[in-house]
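Asks: Provided below for reference: sequence and predicted model.
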Amino acid sequence: MVIFLDSEEIAKILTVISAVYPNFKVDGAGIMNTTWHALLKDLDYKHASEALFKLLKVMKFPPTPADIIEMAKVEKLLNFERQEELKIESCGNPRLSGGNAGMLSSD
């Protein structure tokens with residue numbers, strides 16, 4: 001189940017950005033929160049926050065909503081690939097799969 005970003009989570013994102021980039025000012029009227037929410041609302045918080053922290057580590061300037069969206073797509077894809085790898089690995093491991101799937105019988 002995907003839970004999309006709400007305005008409180010957008011406020012958290014903006015607060016984190018302003019903590020890292022002192023010149024990044026969040027307006028008191030909430031226009032920035034409303035605008036960023038309109039742009040990022042289709043993301044889930046997990047991927048958006050993972051994307052944000054990766055961007056904050058490498059960007060000299062504050063990320064834009066487009067930067068976060070692009071990185072969130074990458075994060076979502078990487079998470080999907082990791083889940084698929086775990087499924088494949090668990091097929092051959094009886095401790096992970098709960099059975100003998102993928103195991104050769106000595107019979």
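Replies: Cool, got the structure. Residues are numbered from 1 along each chain as shown.
Asks: Just want the most central residue of this structure.
Replies: Nearest to the geometric centre of the chain sits His47, at 1.2 Å (C-alpha atoms, centre = their mean).
Asks: Can you list phi and psi of Thr64 for me?
Replies: With angles defined as degrees, to the nearest 10, Thr64 sits at phi -100, psi 170.
Asks: Kindly give the local confidence score, pLDDT, for it.
Replies: In this model, Thr64 is scored at 97, pLDDT.
Asks: Same question for Val2.
Replies: So, for Val2, pLDDT stands at 66.
Asks: got it, and Ala29?
Replies: At Ala29, the predicted lDDT confidence score is 84.
Asks: quick check, it in a helix?
Replies: No - Ala29 is assigned coil when assessed by DSSP: H, G, I helix; E, B strand; the rest coil, not a helix.
Asks: Let me see the contact set for Val74.
Replies: Applying C-beta atoms under 8 Å, 6 or more residues apart in numbering, we find Val74 in contact with Ala51. All C-beta spots, glycine's among them, are computed from the backbone N, C-alpha and C.
Asks: Please identify the helix or strand for it.
Replies: helix 65-91 (DSSP states H and E).
Asks: can you tell me the helix or strand for the residue nearest to the centre of the chain?
Replies: In the assignment (DSSP H and E), His47 maps to helix 45-58.
Asks: Asn79 against His47, yeah?
Replies: Yes - shown here, Asn79 and His47 form a contact pair, counting by C-beta atoms under 8 Å, at 7.3 Å.
Asks: for Ala11, phi and psi?
Replies: phi -60, psi -40.
Asks: Can you verify my assumption that it contacts Asn33?
Replies: Yes - if you go by C-beta under 8 Å, Ala11 and Asn33 touch, sitting 5.7 Å apart.
Asks: Let me know the pLDDT of Lys46.
Replies: For Lys46, pLDDT reads 89.
Asks: Please disregard the earlier target; I meant Asn100.
Replies: 48.
Asks: quick check, distance from stretch 40-47 to the centre of its chain.
Replies: Centroid separation between stretch 40-47 and its chain, computed with C-alpha atoms, centre = their mean, to the nearest Å, is 7 Å.
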